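> Need a 3D model of the following:
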Amino acid sequence: MSVLQFSRVGSAVRRRVGLPVLLLWFAVLSSFLPAALSASGQTAPRPPSSAVATRTVEPEYTPEARAACLQGTVILYLEVNGEGDLARAEVIQSLGLGLDEKAVEAVQKWKFTPGKKNGAPVPVYATVEVNFRLL
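Residues are numbered from 1 along each chain as shown. Below is the predicted model of the structure:
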């Protein structure tokens, strides 16, 4: 049995050609993945749609914030359940002088259409900005 001997130049060429060939094979095989999913009847999973506020209520100013001429934005983290009701509201970015509590009170009066995944209502999470501006 004979052993083939490769020169140093030959091994360098094989190393350089190896990566592009590997990438080409990966590209070819990955192009068949969507076709294989559709042929098996499966589809790629989709994220749930977000809840949509159908009715909003403007927040009220506190007397302390009005006297201080405080303006800004309170950012809230919301959880909306599958029925479209607000399950939880937490303050992420505070403004102070009672405006955080007023923002939560206003958002609790909002009405939502629930988020959906594959046509079924599901709980969803979102961040909301509640703006306070003096006119």
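> The protein - how does it break down into domains?
8-39, 52-132 (automatic domain parsing).
> quick one: low-confidence ranges for this structure?
Residues of the chain that meet the criterion pLDDT under 70 lie in 1-45.
> Report how many residues lie close to residue 123.
15 (other C-beta atoms under 10 Å). In this view, the C-beta of every residue, glycine as well, is placed from N, C-alpha and C.
> just use 37 as the starting number from now, easier for me
Noted, 37 is the first residue going forward, which turns the last one into residue 159.
> do you know how far it is from residue 123?
The gap separating residue 159 from residue 123 is 7 Å, by C-beta to C-beta, to the nearest Å.
> Need the residues touching each of the two.
115, 116, 117 (C-beta atoms under 8 Å, 6 or more residues apart in numbering).
> Save those as CSV, and put in distance to residue 138, neighbour count and secondary structure too.
Converted to CSV, the shared contacts of residue 159 and residue 123 look like this (distance: C-beta to C-beta, whole Å; neighbours: other C-beta atoms under 10 Å; DSSP: H, G, I helix; E, B strand; the rest coil):
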residue, distance to residue 138, neighbour count, secondary structure
115, 20, 15, strand
116, 20, 26, strand
117, 23, 17, coil
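> Run through the strands of this structure in chain order.
88-91, 108-116, 122-129, 147-149, 151-153, 156-158, 160-168 (DSSP state E).
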